[in-house]
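Colleague: just to be clear, the model below is a prediction. Sequence and coordinates:
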Amino acid sequence: MRGTFCSAWIIVPLLAGTACATPPQIATTPQPVTVNSNATQTQPSPVTRAPPPIMRNPNAPQADEQQPEPQFTALSFTVKTGGDDLRTDSEAWISLTYQDQSSQNCLLKNQGRDGWDNGSTHDEDIPICVLLSPMTLAQLKAAKIVLGYRSANYDLETPDNWNVDRVRIEALSLDRTQQCLLDEADDPLVRLKAAGTSVVQFFPSGTFDLGNHPSAC
């Protein structure tokens, strides 16, 4: 009956020129949204930042950097004569034998050069001895170092004996830096002797191994 009446109601007013009222709208409450707790939740990615640079402390102790050993290319000598001189006709030298068995002689005084008087010290008048190849101080210390001389004996002249009170050897680098290699002294450090004959000739002395005496270096 309510539906039929409404249809009739609408027809009649239209004929009469009167508008039919719009039926009221019913407001409905929105349904709550159900969230699935088992669904995987997407977390926002954190912003990745570069770590701050590590600043070195300039005052912190620095690790020692191993420096190469200095190389030496020559030797210089100081020799002091004791209570018995080295004559003009005699000569003296230092011989070195290295670990590889190579060897060389370094001249101290040649024959005919002015004699070395009692108590005299000689350094600048002894020539610099150039090494066979550059060497470290350790290599030089490992060498066998021997002092030697020869005495010239003339008829009616006694053989030349020589007292040596000190021998000092320094290693020299290319820039002339000096490093003590050997420094031995005594009173005397050694007395070198030669046997004589009635003819003119040279007599090798009993050589003195400088490696068998304490060094002041």
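Modeller: Cool, the structure landed. Numbers count the residues shown, from 1 in each chain.

Colleague: output the below-cut-off pLDDT ranges for the protein.
Modeller: Residues of the chain that meet the criterion pLDDT under 70 lie in 1-48, 50-51, 60-64, 153-156, 195-205.

Colleague: strands along that one, start to end?
Modeller: Along the chain, counting by DSSP state E, strands occupy 72-81, 91-97, 103-109, 121-122, 129-135, 144-153, 162-172, 178-192, 201-204, 208-209.

Colleague: quick one: strands adjacent to the first one?
Modeller: It refers to strand 72-81. strand 121-122 (antiparallel), strand 129-135 (antiparallel), strand 162-172 (antiparallel) (DSSP bridges).

Colleague: need the winner for burial among these.
Modeller: Most buried of the strands paired with strand 72-81 by mean neighbour count (mean count of other Cβ atoms under 10 Å) is strand 162-172; its value is a mean of 21. All C-beta atoms are positioned from the backbone trio N, CA, C, and that covers glycine.

Colleague: mind listing the residues bridging to the residue lying closest to Phe72 once chain neighbours are set aside?
Modeller: The spatially closest residue to Phe72, leaving aside those adjacent along the chain, is Ala171, at 3.9 Å (Cβ to Cβ, 6 or more residues apart in numbering). Beta-bridge pairing for Ala171 (DSSP bridges): Leu75, Gln179.

Colleague: ok, back up a step: mind putting the strands of the chain into TSV with distance to Ser215?
Modeller: Listed next are the strands of the chain as TSV, based on distance: least, Cβ to Cβ, whole Å:
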stretch	distance to Ser215
strand 72-81	13
strand 91-97	14
strand 103-109	17
strand 121-122	18
strand 129-135	18
strand 144-153	10
strand 162-172	9
strand 178-192	5
strand 201-204	25
strand 208-209	13
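
Colleague: picking that back up, can you redo the strands paired with strand 72-81 as JSON lines with distance to Gln179?
Modeller: Compiled in JSON lines, these are given as follows (distance: least, Cβ to Cβ, whole Å):
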{"stretch": "strand 121-122", "distance to Gln179": "21"}
{"stretch": "strand 129-135", "distance to Gln179": "11"}
{"stretch": "strand 162-172", "distance to Gln179": "5"}
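
Colleague: ok, which of the ones you listed comes nearest Gly82?
Modeller: strand 162-172 (3.3 Å; Cβ to Cβ).

Colleague: just the C-alpha atoms of that closest one, please, in CSV.
Modeller: Extracted C-alpha coordinates of strand 162-172, given in CSV (Å, rounded to 0.1, in the frame of the first residue of the first chain):
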residue,chain,number,x,y,z
TRP,A,162,159.3,0.0,14.4
ASN,A,163,157.2,0.7,17.5
VAL,A,164,153.6,1.5,16.8
ASP,A,165,151.6,3.2,19.6
ARG,A,166,148.3,3.8,17.9
VAL,A,167,146.3,2.9,14.8
ARG,A,168,143.0,4.6,14.0
ILE,A,169,140.9,3.8,10.9
GLU,A,170,137.8,5.8,9.8
ALA,A,171,135.3,4.9,7.1
LEU,A,172,134.4,7.7,4.8
